[in-house]
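Engineer: Here's a sequence, model it:
(chains A, B, C and D)
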Number of protein chains: 4
Amino acid sequence: MDFPEMHFASDNWAGAHPKIADNLARHAAGFVAAYGASDLDKAVEQTFCKLFQREVAVFFVATGTAANSLAITSMSRPGGVAFAHREAHAIEDECGAPEYLSGGTRLFPVDGDLGRMDPDKLAHAIGQFDPAFVHGGRPVGVSVTQSTEIGTVYSLAEIDAIAKICRDHKLPLHMDGARFANAMIATDSTPAAMTWKRGVDLVSFGGTKNGCWCAEALVVLDPSKAGEIPFIRKRAAQLFSKSRFIAAQFQAYFEGDLWLETARHSNTMATRLADSMAASKKVRLAWKPQANEVFAIMARTLVEQLRAQGAVFYPWKTPHSFAGRIADDETLCRFVTSFATTPEEIDRFGALIA
Amino acid sequence: MDFPEMHFASDNWAGAHPKIADNLARHAAGFVAAYGASDLDKAVEQTFCKLFQREVAVFFVATGTAANSLAITSMSRPGGVAFAHREAHAIEDECGAPEYLSGGTRLFPVDGDLGRMDPDKLAHAIGQFDPAFVHGGRPVGVSVTQSTEIGTVYSLAEIDAIAKICRDHKLPLHMDGARFANAMIATDSTPAAMTWKRGVDLVSFGGTKNGCWCAEALVVLDPSKAGEIPFIRKRAAQLFSKSRFIAAQFQAYFEGDLWLETARHSNTMATRLADSMAASKKVRLAWKPQANEVFAIMARTLVEQLRAQGAVFYPWKTPHSFAGRIADDETLCRFVTSFATTPEEIDRFGALIA
Amino acid sequence: MDFPEMHFASDNWAGAHPKIADNLARHAAGFVAAYGASDLDKAVEQTFCKLFQREVAVFFVATGTAANSLAITSMSRPGGVAFAHREAHAIEDECGAPEYLSGGTRLFPVDGDLGRMDPDKLAHAIGQFDPAFVHGGRPVGVSVTQSTEIGTVYSLAEIDAIAKICRDHKLPLHMDGARFANAMIATDSTPAAMTWKRGVDLVSFGGTKNGCWCAEALVVLDPSKAGEIPFIRKRAAQLFSKSRFIAAQFQAYFEGDLWLETARHSNTMATRLADSMAASKKVRLAWKPQANEVFAIMARTLVEQLRAQGAVFYPWKTPHSFAGRIADDETLCRFVTSFATTPEEIDRFGALIA
Amino acid sequence: MDFPEMHFASDNWAGAHPKIADNLARHAAGFVAAYGASDLDKAVEQTFCKLFQREVAVFFVATGTAANSLAITSMSRPGGVAFAHREAHAIEDECGAPEYLSGGTRLFPVDGDLGRMDPDKLAHAIGQFDPAFVHGGRPVGVSVTQSTEIGTVYSLAEIDAIAKICRDHKLPLHMDGARFANAMIATDSTPAAMTWKRGVDLVSFGGTKNGCWCAEALVVLDPSKAGEIPFIRKRAAQLFSKSRFIAAQFQAYFEGDLWLETARHSNTMATRLADSMAASKKVRLAWKPQANEVFAIMARTLVEQLRAQGAVFYPWKTPHSFAGRIADDETLCRFVTSFATTPEEIDRFGALIA
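Structural biologist: Numbering: from 1, shown residues only, chains lettered A, B, ... in the order given. Sure thing, here's the model as predicted:
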């Protein structure tokens, strides 16, 4: 290719941040206890506690899908129904893993604009189920995605609204935080403020998309409720033997607030990209990005031109709440920034669409 | 501790081989396609094909338990019964993951001396089931562990004997190769000779215990039979996004036959350790080790002394076929060597038990 | 209660038709082979073949939920998604049994007026899934309910339209026929014409609601595709030992076309009830009934009055496609007729609402 | 056939006792609440309470396999292992239903003479598991079969011994009572004395083999522990709509102690049959029968002769504890008596083998 590439395909197309790669290499030597019992594992767990400003239980797993699925498994009961946004990753992109791993829990799709569940619609959906009526199934939990699949975030007040509904129905609240750090930066918040202070009980805490190789954790904010998870995790083939290879990544991730730096960088790059789109005559911004994903609408013909010029990005399914707002000869495309995105890439792309 | 440690707890207490750690770091930069679609992933798949001397399908997963469980899942059918040695990892050490992930497949324990299924007992066990009799369940596959949980190996002729039984009953044969390389060295064999040339259909190919951080693959030796596995893997939350982090480990693992070198080293260290035990007046060798695990019988009082002197090792459950051969005041202990074991450790330990 | 009751709660509040009860009693004596191997079982299977005008495979099960769930299980594959009307029994009234028993198959809700899937919406829903895309899950089958949960029926042309979509996507088509006979009468059709001649592959054939005690069967219209079902059924604890007690019910059910007579009676009673509602000043008919369920809208205050006067019936959740058509002080109520409904009950009720 | 048949194939080859058939017919008319809410259902539940001399929770299900599987499901937890005799029905004859329905609970086979678990072997088997060790799985319950698969019974003292082990390990104790009545008669006991007074927590209470058509119940002896079972049952497609058809059978079953009468008759017939075998020169009794199953050893050639003379019975797999006690030209055969067995049949058979 004659043009240098501009990478917006996904934040999981980036590799590992050098500090994370280095720390992993640094921990390669020596013998330590397996299966999460090493000093490093324990130290990283303490770091999680410190960050969340309370004792938490931390379970490393292999993928975000695993974290979500085991969270739902841990909440579920026979006939269980869990609620998530219609376009949540757990519903649209996990090949049925939550249903399968939880023994058949149904994921009930809740609508809402721009990737966020509408609290009224959530309350209505839950309210349709009588928890004692054996035929209909029964609510067992709610899952929010923060930041959402389409790069928006729930404000703290919006999380409050959802958490209140959960409390009213005595349901645990799970947060899919595959892009937790990006959301935290976007809301100018803290781990504690964005989770348990709002009423969140379980977090799928993702590091992979924000500069790790493979660092995902299921964080239980009240460890007294984590009872079954060690067995749930092992039974799901998600307990790493050389667990320190996750711990070492998280150690570097948190060290010197690297994770905030990488997330801030990603979000800043997304804003820069959105600005260039807002100024463009060729594409229009679908909605205002809040984290590290930018969605633009453009002519189908333009997609191929931009690709030929080195831009790597993909079309995206039109969100339900956005139906009818894209013309037949147009297409909605997703652009994801990451710790590895450079201003130069953005600006080169900006020049192409100016 | 005043004494330098001697590490025999497990091969998963070692970290990553420097060449593997380095290669992983080397691949940290740049953008590549996620979910196994990168050039590196594809190149490593080609290396697998070359090593196995035929086209194979390769599925990276997070753990050996995952590889075993998904292999069993891929073989299973309603009412399925799979056969494995009574002390197989899939039966004793996976928290029921194979049963859970396969929707309830039963693992039928087959006896046999020293960790190896006795072919006659296997044939008898399978023969008890009438595949058309709906009440009893029906055979769906057989799993051998190579090398076994207790450091022995099946000879090629022994694998032949088991494969013949599988063919007679039209059952697929799976090999749990968490210590595949150690077994290959022990049998002076090749990947092809130890597997499909014998009749093995599926391999849990482990790299983790032999010097990787986390590198496990389910290898399907006839790719035309791998049809459902992409979905089986994703549904089990075992598809890595930054898949190249596994690929980079395997690349270095195979480069310049590093994997054979590390396995040969482990096995040699085990032999050295066994020799020192055979010469010892304080411990006696339980059985002749063939791969990288050594089992010794010693007085319970000695265990604590050796630990106080820096030896790290653990007691092990007496194998069924070994029952009655350990006195009440004795204990059976396992010693595992790895790529990181040094002759000095062995010799220091040898001096302690001389 | 001073008033004689008028029973419209459900067709499963009725007991067994005298001819069915008698035949069951008649078969109580003597010894016959268990688990479906008796002459009576085989004779009844032949009757099914005759009725369907082709060889079919018949599997008795305990409940309609079982028939539906095992049908979906038999269609499913890892990551499977099955499509049904949003208000289908399998989605709304089976406590997640299909998801649970099928190992996590997702039921995708499809909209459509009056309980029937809209073919365009079905095609659109299926079309959203790329069967080779491992993340999204993949279509594995479609289920129609005939007659529907709200007493309407698919015309044969409407079944054709859905079957064509299934063929286009190579998906099996299941029919939930808990009220199969009522639908057959309503469409003036035959078992063959309403099923395999249209492209239906599997039928949950219900006898219970139409005069049996407990007589449900999963009918596979092409027996060469029934391979796994004997094991699927036994594994789900749905294989009766004294299977003839189901067979004896079906024998009487089909004898002299009793089943058509009872269904015709139910439907006729429903029409009579609907006519009285159409003429009523107190209630209004929600939609035209086609089988044996009638839905009426009435003031909430009236419900209690009618109950006090002996009418037994229940409110029903407003169908999605009917939203906004019921005032706040009104309620939608369901009335179900059965083989045991009498014209006198109808007319007494008609007088109350005149 | 020229000879009148003598029916010893199974107690599920018999049909329904006339009183049970009649009562079912008697309840055919009229409308009652579905799904177990009728007055008759409630009255029968009260009868269960009276019989068990305490409040119990009763859940009708379709098959004994369902009762066992749902009992095990209700006890289980992730990584669960349940213990039963090696030849228990749940292990050998349910096509993996307990594993499947419980999400992968393993059934651990425990040895013991003549169908009864040896308490020491049970204690040893449980003791091998460390309930906090995530790899090995963890004990979740114990199941005894009373009477056993081979017609023997646990004495009350033997149940005590097993219950003590359960209490020591805080494990629930389930009793597979497919032939509960036969065991009660054999032990000259009562429902209370044979269950909760011993420490049994859950009973699969079978009526089918003792004269009902289809009447199985899962009885929870402490109803405060039955919490999840309504959902577990419905989710497993085991909730009957016209539930009164089970209730009516149980009503007649218990009325006037019919169930004790039929069980006593069956046991008496078995004793009569055993006596004729003990006196026979052609067959020998394998072991002393205690309930309604008799096992005899005879020449293979004799089997065909007896069948040709009208005897209906089947060979049986040699119990593990009986291995080596049957010559190559001999076969072990099972003879089951039931409420419908007549002394004439026995005596005719006795004459054949005299």
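
Engineer: and residue A:216, bridged to which residues?
Structural biologist: Residue A:216 forms beta bridges with residue A:61, residue A:206, as assigned by DSSP bridges.

Engineer: residues contacting residue A:44?
Structural biologist: A:58, A:247, A:250-251, A:254 (CB atoms under 8 Å, 6 or more residues apart in numbering or on different chains). C-beta: built from backbone N, CA, C; applies to glycine.

Engineer: tell me which element it falls in.
Structural biologist: helix A:39-52 (DSSP states H and E).

Engineer: could you dump that helix to CSV, C-alpha only?
Structural biologist: This file holds the C-alpha atoms of helix A:39-52, laid out as CSV (Å, rounded to 0.1, in the frame of the first residue of the first chain):
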residue,chain,number,x,y,z
ASP,A,39,2.5,-12.4,46.0
LEU,A,40,2.1,-10.5,42.7
ASP,A,41,-1.5,-11.6,42.3
LYS,A,42,-2.2,-10.6,45.9
ALA,A,43,-0.5,-7.2,45.5
VAL,A,44,-2.6,-6.5,42.4
GLU,A,45,-5.7,-7.5,44.2
GLN,A,46,-4.8,-4.9,46.9
THR,A,47,-4.3,-2.3,44.2
PHE,A,48,-7.8,-3.0,43.0
CYS,A,49,-9.0,-2.5,46.6
LYS,A,50,-7.2,0.7,46.8
LEU,A,51,-8.6,2.0,43.5
PHE,A,52,-12.1,1.0,44.4
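
Engineer: Tell me, how many residues neighbour the residue in the stretch 201-350 of chain A positioned nearest to chain C?
Structural biologist: At 7.2 Å from chain C, residue A:317 is the closest residue in the stretch 201-350 of chain A, using CB to the nearest CB. The number of residues packed near residue A:317 is 14, by other CB atoms under 10 Å in any protein chain shown.

Engineer: Ok, residue A:194 next?
Structural biologist: The number of residues packed near residue A:194 is 24, by other CB under 10 Å.

Engineer: Where does the nearest residue to it once chain neighbours are set aside sit: helix, strand or coil?
Structural biologist: The shortest distance from residue A:194 to any non-neighbouring residue, by CB to CB, 6 or more residues apart in numbering or on different chains, is to residue A:184 (5.8 Å). Assigned with DSSP: H, G, I helix; E, B strand; the rest coil, residue A:184 falls in the helix class.

Engineer: do the same with residue A:32
Structural biologist: Here residue A:32 is recorded as coil under three-state DSSP.

Engineer: surely residue A:11 meets residue A:334?
Structural biologist: No: look at residue A:11 against residue A:334 with CB atoms under 8 Å: they stay out of range, at 10.9 Å.

Engineer: ok, back up a step: touching, the residue nearest to residue A:194 and residue A:192? I think so.
Structural biologist: No: judged on CB under 8 Å, residue A:184 makes no contact with residue A:192 at a distance of 10.4 Å.

Engineer: Between the two, tell me which one has more neighbours.
Structural biologist: residue A:184 (25 against 16).

Engineer: Quick check: buried residues in stretch A:8-19?
Structural biologist: A:8-17, A:19 (16 or more other CB atoms under 10 Å in any protein chain shown).

Engineer: do it and chain C meet at all?
Structural biologist: No: judged by CB under 8 Å from any CB of the partner chain, stretch A:8-19 stays clear of chain C, getting no closer than 11.8 Å.

Engineer: What segments of chain A are helices?
Structural biologist: A:18-26, A:39-52, A:64-75, A:89-92, A:97-101, A:119-127, A:156-168, A:180-187, A:191-194, A:229-235, A:244-254, A:258-278, A:300-308, A:343-353 (DSSP state H).

Engineer: So which of those is the most surrounded?
Structural biologist: Sort the helices of chain A by mean neighbour count, taking mean count of other CB atoms under 10 Å in any protein chain shown, and helix A:97-101 sits at the top with a mean of 30.

Engineer: Centre of the chain to it, how far?
Structural biologist: Relative to its parent chain, helix A:97-101 has a centroid offset of 18 Å by CA atoms, centre = their mean, to the nearest Å.

Engineer: repeat for stretch A:232-250
Structural biologist: 19 Å.

Engineer: With mean pLDDT and distance to residue D:169 added, can I get the helices of chain A in TSV?
Structural biologist: Shown next, in TSV, are the helices of chain A (pLDDT from 0 to 100; distance: least, CB to CB, whole Å):
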stretch	mean pLDDT	distance to residue D:169
helix A:18-26	97	42
helix A:39-52	98	30
helix A:64-75	98	24
helix A:89-92	97	37
helix A:97-101	98	28
helix A:119-127	98	39
helix A:156-168	98	36
helix A:180-187	98	41
helix A:191-194	98	40
helix A:229-235	98	17
helix A:244-254	98	34
helix A:258-278	98	45
helix A:300-308	96	64
helix A:343-353	96	62
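
Engineer: Chain B contacts on the stretch 201-350 of chain A?
Structural biologist: Applying CB under 8 Å from any CB, we find that the stretch 201-350 of chain A lies next to chain B at A:208-209, A:213-214, A:231, A:234-242, A:244-245, A:312, A:340.

Engineer: Now the buried members of the residues you listed.
Structural biologist: A:208-209, A:213-214, A:231, A:234-242, A:244-245, A:312, A:340.

Engineer: Throw the contacts of residue A:44 into a markdown table and include distance to chain C, thanks.
Structural biologist: Listed next are these as a markdown table, based on distance: CB to the nearest CB, whole Å:
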| residue | distance to chain C |
| --- | --- |
| A:58 | 26 |
| A:247 | 28 |
| A:250 | 25 |
| A:251 | 30 |
| A:254 | 29 |
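
Engineer: from those, which is closest to residue C:110?
Structural biologist: In terms of CB to CB, no member of these lies closer to residue C:110 than residue A:58, at 40.7 Å.

Engineer: How about the contacts made by residue A:212?
Structural biologist: If you count contacts by CB under 8 Å, 6+ apart, residue A:212 has them with A:16-17, A:20, A:249-250, A:253.

Engineer: Kindly recompute the last result at 10 Å.
Structural biologist: A:15-17, A:20-21, A:24, A:206, A:246, A:248-250, A:252-253, A:259, A:262, A:339, B:242, B:245 (CB atoms under 10 Å, 6 or more residues apart in numbering or on different chains).

Engineer: Could you do residue A:138 as well?
Structural biologist: A:77-81, A:126, A:129-132, A:171, C:95-96, D:231.

Engineer: Name the nearest residue to it, ignoring sequence neighbours.
Structural biologist: residue A:131 (4.5 Å).

Engineer: what's around the one you found, how many residues?
Structural biologist: Residue A:131 has 18 nearby residues by other CB under 10 Å.

Engineer: Go ahead and confirm it touches residue A:139.
Structural biologist: Yes: the pair residue A:131 / residue A:139 is scored as a contact, 6.4 Å apart, by CB atoms under 10 Å.

Engineer: Which residue is the nearest non-sequential neighbour of residue A:306?
Structural biologist: Residue A:306's closest residue in space is residue A:352 (CB to CB, 6+ apart), at 6.0 Å.

Engineer: what's the pLDDT at the closest residue to residue A:286 other than its chain neighbours?
Structural biologist: Leaving out its chain neighbours, the residue that sits closest to residue A:286 by CB to CB, 6+ apart is residue A:295, at 3.9 Å. pLDDT, residue A:295: 98.
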